[in-house]
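Engineer: pasting a predicted model and its sequence here:
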Amino acid sequence: MTTMMIFLLMSLLPTLTVSLPLRNPSQSACSTPDFSNYTAYPYCDPSLPTSSRVSSLVSLLTLTEKISLLSQDTSGDDAAIPRLGIQRLPFGEALHGDVASCVDAGVCPTSFPHALSLAATFNRSLWHSIGEAIGVEARALNNLGAESADLGLKVSGLMLWTPNLNPYRDPRWGRGHETPGEDPYLSGEYGVEYITGLQGNDPKYLRAASIVKHAFDYDVEGNYETSRTAFDANVSSADDQTNYFDPPFKAIVSSRANASGLMCSYNAINGVPSCMNGDKNNGVVRDQWGLGEEGIIVSDCGAIGDEASTAYIEANFGGSVTAQAAQGILGGCDYNCGHFYAEHLADSVKNADLAEDDVDMAVSRLLNKAFELGLFDQIEGVPFANYGEEKLGTAEHAGLALSGSTQASVLLKNEGSTLPLEASAKVAVIGPHFNSSLDLLSNYRGDSDDVENHTPLLGLTSRGNVVAHAAGCALNGDDTSGYDEAVKAAGEADVAVVFLGLHPQWFDDVPVDDSSEGKKVRSEVTSYQHDICARYPAALVALY
């Protein structure tokens with residue numbers, strides 16, 4: 001029989017006197033009667049301009065309290081500033097759905113196809129609708145106090161580190177599936193639609209805030225001669241500013257999308273750490289592109305203290321940790337995901353490495369976003385504050401996810417018009433992903449009862465024509481003991497549907513082939529998966 005192959009790419013007040021409601025845990029105490037006296041607490045007055053409210057609040061804070069807003073939580077307290085009832089800023093992840101726990105059995109965030117798949121649809125309205133759905137669910141999850149345990153967050157976020165618009169320049173990059181792909185124009189257009197959907201169009205409030213990552217020149221993970229935290233990207237101005245790396249970020253900072261901010265990356269760029277690069281962050285992003293003083297820049301987690309930053313400080317500031325923290329603030333990085341600001345920034349001010357006014361500027365930018373999210377207003381005045389379980393995992397959102405998956409599937413080959421299959425065809429389900437569920441999702445995924453209880457095998461079995469199944473081989477490694485079982489299963493069927501792909505852990509570490517001399521970074525499935533596929537007389541191959 002002729003071999004038939006089909007490739008499918010899927011792929012103010014003491015804390016004790018402040019009573020906060022169980023819902024809306026990110027809301028400040030401005031929404032309680034204790035702070036209804038706007039003369040005493042003008043930052044709680046929704047009739048004032050946001051800039052005036054921010055200035056009022058910053059003027060009440062001690063340096064220690066200011067720094068607590070600029071740093072990842074290290075105390076375990078629910079509130080950042082208990083005496084004023086100010087909660088921690090609600091950061092989170094949402095690359096293809098909100099990274100959060102289910103709030104009840106079957107009440108979970110919707111998981112959508114990852115960005116690389118969605119980009120393959122070339123469908124602007126789909127990108128916008130999915131961004132909108134993720135923003136709606138982010139509000140509901142935050143209102144309900146859903147946890148984001150995988151990220152170590154007590155409450156699912158509203159200031160979301162999404163999307164990832166790094167051009168997928170090198171296919172060996174293990175996190176490329178987080179991005180819309182290698183084309184900078186397509187990436188920018190995807191970002192514009194996704195962000196405008198996510199943030200919403202309310203004239204006063206953001207539904208959620210989009211903080212786009214990773215700025216700039218970042219597509220290194222691990223298993224190279226260097227790592228992402230020590231890498232120095234030597235990039236020409238033509239490649240960087242005009243042709244390739246910058247355009248997606250410039251597009252989303254512009255008035256077309258008005259992204260809330262950027263996340264600066266681990267690496268250095270031409271010798272200067274991204275998170276300390278004031279010429280780029282302040283001079284280009286804020287002044288030229290238009291992020292301005294209302295947009296925020298946050299560090300990737302640990303970037304202020306990583307190898308690239310430390311090497312730069314050792315070479316230029318004698319290794320001073322107070323100078324290192326100061327250079328983050330002066331370089332335009334308002335928020336440190338990590339503990340470096342918390343540990344050293346107060347001494348930076350004391351040592352005159354920077355002025356407290358510089359700290360005030362960073363705090364003001366962050367608080368501005370919190371006000372735009374309505375976190376300092378009465379709940380009844382914020383249009384999204386009553387979103388609840390009815391907004392999670394809806395039929396509409398599930399339909400969007402299905403539509404996205406269907407449109408994203410790319411038929412690469414259909415020899416002999418193998419598709420569509422005859423309804424009566426007997427099917428063998430084979431391959432290392434034949435019974436996978438969560439492993440088929442991209443990284444940064446939320447909990448999902450729906451996905452966890454569905455696999456390719458279960459789906460095909462429900463059609464009534466599966467006669468055999470076997471893995472054949474593993475996703476990685478050289479174990480061939482399952483070959484015979486898989487070949488036997490295929491022999492009982494008219495067609496073998498083979499599910500191949502990469503191991504989900506490879507988003508952290510680029511796949512490495514240890515079978516040859518030295519280490520060879522690869523971007524394809526193992527030779528054993530190719531071999532198992534070649535043994536079948538008729539095969540449909542799905543690549544994940």
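Structural biologist: Perfect, I can see it now. Residues are numbered from 1 along each chain as shown.

Engineer: so where do the strands sit in the stretch 201-350 of the chain?
Structural biologist: Here the stretch 201-350 of the chain has its strands, by DSSP state E, counting those that start in this stretch, at 209-215, 232-233, 261-264, 268-269, 272-273, 296-299.

Engineer: packing partners of the fifth one?
Structural biologist: Looking back up the chat, that one is strand 272-273. helix 307-317 (3 or more Cβ pairs under 8 Å, 6 or more residues apart in numbering; DSSP states H and E). Backbone N, C-alpha and C define where each C-beta goes, glycine included.

Engineer: next, the buried residues of the helix it packs on.
Structural biologist: For helix 307-317, the neighbour count (16 or more other Cβ atoms under 10 Å) marks 307-313 as buried.

Engineer: show me what that helix is packed against.
Structural biologist: strand 268-269, strand 272-273, helix 321-330.

Engineer: right, and Tyr185 touches Pro247 too?
Structural biologist: Yes: assessed by Cβ atoms under 8 Å, Tyr185 is found in contact with Pro247 at 6.8 Å.

Engineer: so between these two, which is more surrounded?
Structural biologist: Pro247 (19 against 10; other Cβ atoms under 10 Å).

Engineer: now that one: how far from Gly472?
Structural biologist: 43 Å (Cβ to Cβ, to the nearest Å).

Engineer: can you check Ala238 too?
Structural biologist: 48 Å.

Engineer: flag the shaky bits of the chain, pLDDT-wise.
Structural biologist: 1-23, 73-78, 149-152, 220-230, 239-242, 503-539, 544 (pLDDT under 70).

Engineer: show me the domain layout of it.
Structural biologist: Per automatic domain parsing, the structural domains of the chain span 15-385, 420-543.

Engineer: from these, which stretch is densest packed?
Structural biologist: domain 15-385 (a mean of 21; mean count of other Cβ atoms under 10 Å).

Engineer: ok now that one, how far from the chain's centre?
Structural biologist: Relative to the chain's own centre, domain 15-385 is displaced by 11 Å; criterion: Cα atoms, centre = their mean, to the nearest Å.

Engineer: next, the contact list for the residue lying closest to Val99 once chain neighbours are set aside, please.
Structural biologist: Nearest residue to Val99, sequence neighbours excluded (Cβ to Cβ, 6 or more residues apart in numbering): Glu93, at 4.2 Å. Listed by Cβ atoms under 8 Å, 6 or more residues apart in numbering, the contact set of Glu93 reads 99, 148, 151, 157, 160-162, 444.

Engineer: please repeat the previous calculation with a cut-off of 10 Å.
Structural biologist: By Cβ atoms under 10 Å, 6 or more residues apart in numbering, the residues touching Glu93 are 99-100, 148, 150-151, 153, 156-157, 160-162, 213, 443-446.

Engineer: what's the distance between it and Ala138?
Structural biologist: For Glu93, the distance to Ala138 - Cβ to Cβ - is 10 Å.

Engineer: between those two, what contacts are shared?
Structural biologist: In contact with both Glu93 and Ala138: 99-100, 156-157, 160, 162, using Cβ under 10 Å, 6+ apart.

Engineer: I figured Ile304 hits Thr310, correct?
Structural biologist: Yes: assessed by Cβ atoms under 10 Å, Ile304 is found in contact with Thr310 at 9.5 Å.

Engineer: so the spatially most central residue of the chain is in which element?
Structural biologist: By Cα atoms, centre = their mean, the mean C-alpha position of the chain lies nearest to Leu95, the distance being 3.8 Å. Leu95 belongs to no helix or strand when elements are defined using DSSP states H and E.

Engineer: please name the nearest non-neighbouring residue to it.
Structural biologist: Tyr444 (4.6 Å).

Engineer: helix, strand or coil for that neighbour?
Structural biologist: coil (DSSP: H, G, I helix; E, B strand; the rest coil).

Engineer: please report how far it lies from Val497.
Structural biologist: Tyr444 is 28 Å from Val497, by Cβ to Cβ.

Engineer: what of Leu441?
Structural biologist: 20 Å.

Engineer: rewinding a little: got any residues that touch both of Ile304 and Thr310?
Structural biologist: 273, 324.

Engineer: burial of the closest residue to Thr110 other than its chain neighbours, as a residue count?
Structural biologist: Nearest residue to Thr110, sequence neighbours excluded (Cβ to Cβ, 6+ apart): His397, at 4.2 Å. Burial measure for His397: 23 neighbouring residues, criterion other Cβ under 10 Å.

Engineer: confirm His397 sits in a helix?
Structural biologist: Yes: under three-state DSSP, His397 falls within a helix.

Engineer: that one: what's it in contact with?
Structural biologist: By Cβ under 10 Å, 6+ apart, the contact set of His397 is 97, 109-112, 129-130, 132-134, 136-137, 391.

Engineer: picking up where we left off before, save the helices and strands packed on helix 307-317 as JSON lines, and put in distance to Gly381 too.
Structural biologist: Shown next, in JSON lines, are those (distance: least, Cβ to Cβ, whole Å):
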{"stretch": "strand 268-269", "distance to Gly381": "43"}
{"stretch": "strand 272-273", "distance to Gly381": "41"}
{"stretch": "helix 321-330", "distance to Gly381": "33"}
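
Engineer: of all the ones you listed, which one comes closest to Ser68?
Structural biologist: helix 321-330 (14.2 Å; Cβ to Cβ).

Engineer: show me what that closest one is packed against.
Structural biologist: Applying 3 or more Cβ pairs under 10 Å, 6 or more residues apart in numbering; DSSP states H and E, one finds that helix 321-330 makes contact with strand 272-273, helix 278, helix 307-317, helix 340-350, helix 356-372.

Engineer: let's see 7 Å
Structural biologist: Using 3 or more Cβ pairs under 7 Å, 6 or more residues apart in numbering; DSSP states H and E, the elements in contact with helix 321-330 are helix 307-317, helix 340-350, helix 356-372.

Engineer: now the angle from the first one to helix 321-330?
Structural biologist: Counting by axes from the mean of the first three to the mean of the last three Cα atoms, to 10 degrees, helix 307-317 points 110 degrees away from the direction of helix 321-330.

Engineer: contacts for helix 307-317?
Structural biologist: 229-232, 266-268, 272-273, 275-276, 303, 319-320, 323-324, 327 (Cβ atoms under 7 Å, 6 or more residues apart in numbering).

Engineer: cool, the last one as well?
Structural biologist: Contacts made with helix 356-372 from outside it, assessed by Cβ under 7 Å, 6+ apart, are listed as 50, 53-54, 57-58, 63, 66-67, 69-70, 89, 159, 205-206, 209, 260, 293-294, 296, 329-330, 334-335, 345, 349, 376.

Engineer: can you check stretch 191-211 too?
Structural biologist: Counting by Cβ under 7 Å, 6+ apart, 124, 127-132, 134-136, 138-139, 158-163, 165, 212, 248, 251-252, 256-257, 259-263, 296, 298, 369, 372-374, 382-384 sit against stretch 191-211.

Engineer: and Lys250, what does it touch?
Structural biologist: Applying Cβ under 7 Å, 6+ apart, the residues near Lys250 are Trp289.

Engineer: distance of it relative to Val192?
Structural biologist: From Lys250 to Val192 the distance is 11 Å (Cβ to Cβ).

Engineer: and what of Ala115?
Structural biologist: For Ala115 relative to Val192 (Cβ to Cβ), the value is 13 Å.

Engineer: repeat for Glu415
Structural biologist: Glu415 is 39 Å from Val192, by Cβ to Cβ.

Engineer: just Gly176 next, same as before
Structural biologist: 21 Å.

Engineer: repeat for His433
Structural biologist: 33 Å.

Engineer: and for Gly283?
Structural biologist: In terms of Cβ to Cβ, Gly283 sits 23 Å off from Val192.
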